[in-house]
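Trainee: Dropping the sequence and predicted coords here.
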Amino acid sequence: MTPLPLRILALAIAAGFTATAAASTSLTLYRSDDNALFSAGENGSVNAGYAMAREPRELQLKAGVQDIRLGGLPPYLDTEALALSVEGDAAKVISQRLQLGQGQDAALGSLVGQPVEVLASTGQPLASGTLLRAGDGLLVQDASGRTSLIREFAAVRAQGSFQTGSSLELRVDAGRAGTARAMLSYPTSGLGWRAAYVATLQAGNSCRMQFESRASIANRSGRDWHDVQLTLVAGEPQFARASAPRPQPMAYAARAKTDNAALPEQSTLADYRTYALPGNVDLPEGSVSQMPLYATRALECERTALYENGAGWMPPQPMIGREYQQGGNTAIISTLQFRAFDSLPAGYLRVLAGDRRGTPQFIGEGRLNDTPKGGDAHIVLGTAFDLRGQRERTAFKVDKAGRTLDEAFRITLTNAGDAARTVTVREHPNRWRAWQLASSSRKPSQQGADTLEFEVTVPAGGAATLDYAVHYQWTADEQPQ
C-alpha cells in the first residue's frame, strides 16, 4: 500500500471524513490457559489469548477517493486478518494500513487531526492547533498555518478522548456522499476464557458435592468492550503461525445486562462446542468476569487416598538390576473423581469442605481437561497430612538361565488420624511386560497390563501392611545383555 501522507490524513479527519462505532459489537472468545490473562499484575494489556471481534461501523463519506481513520482498536491484532466490508456498493476499499499503537505515543496518536493545546510544566500553553504528528515530538499547526515542533512538554489537553489502541487507516472510493454502514472484523489477543468450577463437599460418609460451573472471561486487550454479544468456544483449534495471537487486574465482576439467570445457549462449531451468552455484557479493560456456564447441581463423587509407586512406562527389555525401583515415596495423595453430567470445557476445579463449624474451606485445586459427557473427571487435591506409606523390597531373585525374575514388596501404611481410612495402593510392575501376581496378602481390587491396585483399611492411630510378589519371564530373544 502506498503510504498515506499524515497531513492529508489529519486534514481528512478534520474535514469530517470519520468513522464512528455502532452498537452490537460481537466477540467470539477462544479458551486460553495463559495465566498472564487472569493474573492480578499491573502489566496492562498482554499478548495472550485469542478472540474474533466484529464491530459495526458507520462511515461518513464524501463522493470520490478519501482517507478514513478507524481508531480505538486493541494493540495486539492479527494484522493479516483484519478486514472492513462496506454494505452494498457505497464504497470500495482501495488500500488499508494498520498503525500499531503502544503506550504514550499511542494515546497521543489517537488525537492526530484533532484540536489540542500543549502545556508546559508551569501550566502555560506552548502551542495550540491541530495535532499533525505524535511521534518523536509533537507537530502542531495553528489557525494561521504555522507549524510548531515541540519536544519537551508536560501535558496535552484536547476535547476528544484519548484512545490507547491501534488505528486502521483506509483509502476508500465512495460512489456518493452520505452515511454508509460497514463491518470491521479482526482477530485480537488480550482476550480469552476458561472454565472455573467450584465443588463443595457435603457432610456425611458418602461423597456428594454441590458443583458450580462458570466461565471465567479475561480482558487484558488494552480497551473496554461495552454492550457486546459474547460467544465462547471450547476446544483447541490449531494456530500455525507463532506470530498469531494466542489463546491467557483488578478484580471486576462483570455481569449480563439482563437480570435473569439464563444460561448460555450451547451449540457446535465444526469440532468444537460454543456457548452464546443470553444477554449483552460489558468487559472493562483489566477485568476478569465470571458468567454461569451450567446450572448448579448436586453430584455423586468418589474420594481416594492414593499411595502410588512407579508409572505405566514399559522398558525396551527386561530390567533385571536389583536396585531398579527398590524403594518408594512416603506421600499419600488425596484425589477426587466424578462423572461429567455434560461436556465440561477445560478449566480449574476448586474443592471446598466444611470445617467443624460448617464453614466451607479450601482443600485443593486441580485442572480438568476437556471432558465429554459421561466421562470421568479426576483431580489431585493434595497430600494427606495424617497418612504415610513406606515401601520396601522383601525378596529378589533373578534366574538368567531360566529367564525369570521374582520380586516381592511390603507396603506399610500408617494413620495418625482419629478415624479409620481406606488407602488405595497402586503398584506398577514394569520390569517387563510379561508378569503375573505370584502372591499377595490381600486380594487386588484391580489388575491391568501394567497396574496392580489394593484397597487397604488403616485403623485410626494405627498401621496396616500389604505384602505381594510378582513373577516375570521373558524369551531368549528378549534376554537382556
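Mentor: Thanks, I have the structure now.

Trainee: For the stretch 251-400 of the chain, give me the ranges with low pLDDT.
Mentor: 251-261, 326-327 (pLDDT under 70).

Trainee: rerun at 90
Mentor: Scanning the stretch 251-400 of the chain for pLDDT under 90 picks out 251-274, 278-279, 285-287, 309-315, 322-329, 356, 358.

Trainee: Next one, pLDDT for S206 please.
Mentor: Listed pLDDT for S206 reads 88.

Trainee: That one: what's it in contact with?
Mentor: E300 (C-beta atoms under 8 Å, 6 or more residues apart in numbering). Where C-beta positions appear, they are placed from N, C-alpha and C, glycine not excepted.

Trainee: quick one: buried residues of stretch 200-216?
Mentor: Residues T200, L201, C207, M209, F211, E212, S213, R214, A215, S216 are the ones in stretch 200-216 that count as buried (16 or more other C-beta atoms under 10 Å).

Trainee: ok, of these, which one's closest to L119?
Mentor: S216 (42.4 Å; C-beta to C-beta).

Trainee: any idea how far that closest one is from P372?
Mentor: Using C-beta to C-beta, to the nearest Å, we find S216 at a distance of 21 Å from P372.

Trainee: and what of C207?
Mentor: 22 Å.

Trainee: Strand partners (parallel or antiparallel) of whichever helix or strand Q66 is part of?
Mentor: Per DSSP states H and E: Q66 is located in strand 64-73. In the sheet, strand 64-73 lines up against strand 166-174 (antiparallel) (DSSP bridges).

Trainee: Show me the strands in the stretch 251-400 of the chain, by range?
Mentor: Assigned by DSSP state E, counting those that start in this stretch, the strands in the stretch 251-400 of the chain fall at 265-269, 272-276, 281-283, 287-300, 302-309, 331-339, 347-354, 360-368, 376-399.

Trainee: most neighbours per residue, which of those?
Mentor: strand 281-283 (a mean of 21; mean count of other C-beta atoms under 10 Å).

Trainee: list the helices and strands that strand packs on?
Mentor: When contacts are defined as 3 or more C-beta pairs under 8 Å, 6 or more residues apart in numbering; DSSP states H and E, strand 281-283 packs onto strand 225-234, strand 287-300.

Trainee: Now distance to G312 too, for these, in TSV please.
Mentor: Output for the helices and strands packed on strand 281-283, formatted as TSV (distance: least, C-beta to C-beta, whole Å):
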stretch	distance to G312
strand 225-234	28
strand 287-300	27
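
Trainee: To T335, which of the ones you listed lies closest?
Mentor: Nearest to T335 among the helices and strands packed on strand 281-283 is strand 287-300 (15.3 Å), distances taken as C-beta to C-beta.

Trainee: any idea of the angle the closest one forms with strand 265-269?
Mentor: Here strand 287-300 runs at an angle of 100 degrees relative to strand 265-269 (axes from the mean of the first three to the mean of the last three C-alpha atoms, to 10 degrees).

Trainee: tell me what strand 287-300 is packed against?
Mentor: strand 191-201, strand 208-219, strand 281-283, strand 331-339.

Trainee: The ones you listed: which one's closest to A401?
Mentor: strand 331-339 (39.8 Å).

Trainee: Now find how far off-centre that closest one is within its chain.
Mentor: 24 Å (C-alpha atoms, centre = their mean, to the nearest Å).

Trainee: could I get it in CSV with only the CA atoms?
Mentor: Taking C-alpha atoms only, strand 331-339 is exported to CSV below (Å, rounded to 0.1, in the frame of the first residue of the first chain):
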residue,chain,number,x,y,z
ALA,A,331,3.3,-39.3,50.5
ILE,A,332,-0.3,-40.5,50.2
ILE,A,333,-2.3,-38.3,47.7
SER,A,334,-5.9,-37.3,48.1
THR,A,335,-7.9,-37.4,44.9
LEU,A,336,-11.5,-36.6,43.7
GLN,A,337,-13.3,-38.3,40.9
PHE,A,338,-16.8,-37.8,39.4
ARG,A,339,-18.7,-38.4,36.2
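
Trainee: Mind listing the strands it pairs with, and their directions?
Mentor: strand 302-309 (antiparallel), strand 376-399 (antiparallel).

Trainee: closest one to S267 among the helices and strands packed on strand 287-300?
Mentor: Of all the helices and strands packed on strand 287-300, strand 208-219 comes closest under C-beta to C-beta, at 14.9 Å.

Trainee: which strands and helices sit next to that closest one?
Mentor: Strand 208-219 packs on helix 35-38, strand 191-201, strand 225-234, strand 287-300, going by 3+ C-beta pairs under 8 Å, 6+ apart.

Trainee: what does the third one contact?
Mentor: For strand 225-234, the surrounding residues in contact (C-beta under 8 Å, 6+ apart) are 23-31, 193, 195, 215, 217, 219, 257, 264, 269, 272-277, 280-284, 343, 345-346, 370.

Trainee: Between strand 347-354 and that strand, find me the angle.
Mentor: Using the same axes, to 10 degrees: strand 225-234 against strand 347-354 is 90 degrees.

Trainee: coming back round to it: heading C-terminal from the strand holding Q66, find the next helix or strand.
Mentor: strand 83-86.

Trainee: Return the list of strands paired to the next helix or strand after that next one, each annotated with direction.
Mentor: Beyond strand 83-86 in the direction of the C-terminus, DSSP H and E gives the next helix or strand as strand 91-99. Looking at strand 91-99 with DSSP bridges, its partner strands are strand 166-174 (antiparallel).

Trainee: Show me how far the partner strand is from its chain's centre.
Mentor: The answer for strand 166-174 is 33 Å, by C-alpha atoms, centre = their mean.

Trainee: in that strand, what's buried?
Mentor: Counting neighbours by 16+ other C-beta under 10 Å, strand 166-174 gives S166, S167, L168, E169, L170, R171, V172, A174 as buried.

Trainee: ranges for the helices of the stretch 1-150 of the chain?
Mentor: Here the stretch 1-150 of the chain has its helices, by DSSP state H, counting those that start in this stretch, at 6-14, 35-38, 103-109.

Trainee: residue contacts, T179?
Mentor: So T179 contacts E58, L59, Q60, L61 (C-beta under 8 Å, 6+ apart).

Trainee: quick one: contacts for K92?
Mentor: Neighbours of K92 in contact, by C-beta under 8 Å, 6+ apart: V86, V172, D173.

Trainee: Including pLDDT and distance to G354, could those residues go into CSV?
Mentor: Shown next, in CSV, are the contacts of K92 (pLDDT from 0 to 100; distance: C-beta to C-beta, whole Å):
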residue, pLDDT, distance to G354
V86, 87, 60
V172, 87, 64
D173, 90, 69
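
Trainee: From these, pick the one nearest F396.
Mentor: The nearest one, if we look at these relative to F396 and count by C-beta to C-beta, is V86, at 79.7 Å.

Trainee: In this structure that closest one contacts L61, no?
Mentor: No. V86 is beyond contact range of L61, at 9.0 Å (criterion: C-beta atoms under 8 Å).

Trainee: what do those two both touch?
Mentor: Common neighbours of V86 and L61 (C-beta under 8 Å, 6+ apart) are V172, A180.

Trainee: Who has more neighbours out of those two?
Mentor: L61 (23 against 19; other C-beta atoms under 10 Å).

Trainee: my read: that one touches A90, true?
Mentor: Yes. If you go by C-beta under 8 Å, L61 and A90 touch, sitting 6.9 Å apart.
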